[in-house]
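sharing a model prediction with you, sequence too.
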Amino acid sequence: MLGTLQRLGRWGLGVFERLGRGHLFLLQTIGCLGVIVMRPRLVIRELHSVGVLSLLIIVVSGTFVGMVLAYQGYITLVRFGAAEALGTAVALSLVRELGPVVTALLFAGRAGSALTAEIGLMKATEQLSGMEMMAVNPMQRVIAPRFWAAFLSMPLLAAIFSAVGVMGGYFVGVGLLGVDGGSYWSQMQASVDFHEDVMNGIIKSVAFGFVAAWIALFEGYDAVPTSEGVSRATTRTVVHTALAVLALDFILTGLMFQ
């Protein structure tokens, strides 16, 4: 019994120690905000790596999610004679929930894991230590540009996901199931409010981008400098980001729609 309590206490201390290191890492990263102004090329290059190269999976996934939503929504709404409200159902589902959440999960699997592996390998091969030896701050040169690039690209990717999802729903609902196209768009425009729906989705995507970038970069920076350590850090990035996004989504939804 005593050994179990000791192991539990050791685990708890380890968790709080990593949380402390993570918050100190976040404060240092935020303190390097000037890199966006002083060296914007670094951020632009990382925007291409993190955001543009993630467009394919975002567009394809958003299209199919919208198409599935249209199918499922039509099956339910047609029973109540409300098939014309299909556009509203698809748009609200995407803008409020599925757009930010699914984009964040895809972002963690594609860009987040890549950031963790990249930073972890730089640590394992002592590139970060080499920068410090040459009086180059790796937080400003390596970490901050990637953090702000991921933070800025997440809301844009979520908006693209929702937009292509609505188009996918239109293709299925109007093109395949015979819903009136005018009703699809008019019901959507009448029901989706910019402040209550669109802005809430934007706020969620900004929060998810902040958390996803933080977890991905910290896991790479804190990884054990071995191949096994980098592999475990990459796995932790995907798992922790998914759990954090889903928990944060519940909290934000409760605050926004209470």
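Perfect, thanks for sending it.

what pLDDT does the residue positioned nearest the centre of the chain get?
Nearest to the geometric centre of the chain sits residue 104, at 2.4 Å (Cα atoms, centre = their mean). As predicted, residue 104 sits at a pLDDT of 93.

can you verify my assumption that it contacts residue 212?
Yes: counting by Cβ atoms under 8 Å, residue 212 is a contact partner of residue 104 at 5.8 Å. No exception for glycine: its C-beta is placed from N, CA and C like everyone else's.

need the residues touching each of those two.
Applying Cβ atoms under 8 Å, 6 or more residues apart in numbering, one finds that residue 104 and residue 212 are jointly contacted by 154, 241, 245.

residue contacts, the first one?
In this case it means residue 154. Counting by Cβ under 8 Å, 6+ apart, residue 154 has contacts 103-104, 107, 205-206, 208-209, 212-213.

now swap in residue 53 and tell me
Residues in contact with residue 53 (Cβ under 8 Å, 6+ apart) are residue 111.

roughly how far does residue 54 sit from residue 115?
Distance of residue 54 to residue 115, computed by Cβ to Cβ, to the nearest Å: 11 Å.

neighbour-wise, which of the two wins?
Neighbour count, other Cβ atoms under 10 Å: between residue 54 and residue 115, residue 115 has more, with 28 against 22.

which residue packs closest to that one, ignoring adjacent ones?
residue 216 (4.3 Å; Cβ to Cβ, 6 or more residues apart in numbering).

in which helix or strand would I find the one you found?
helix 199-221 (DSSP states H and E).

now that helix: buried residues?
For helix 199-221, burial by neighbour count (16 or more other Cβ atoms under 10 Å) applies to 200-202, 204-221.

any low-confidence regions in the stretch 151-258 of the chain?
The model of the stretch 151-258 of the chain has pLDDT under 70 over residues 258.

where exactly do the helices run in it?
Taking DSSP state H, counting those that start in this stretch as the test, the helices found in the stretch 151-258 of the chain are 181-191, 199-221, 227-256.

who are the packing partners of the second one?
If I follow you right, that is helix 199-221. Secondary-structure packing of helix 199-221 (3 or more Cβ pairs under 8 Å, 6 or more residues apart in numbering; DSSP states H and E): helix 2-31, helix 99-107, helix 113-124, helix 144-170, helix 227-256.
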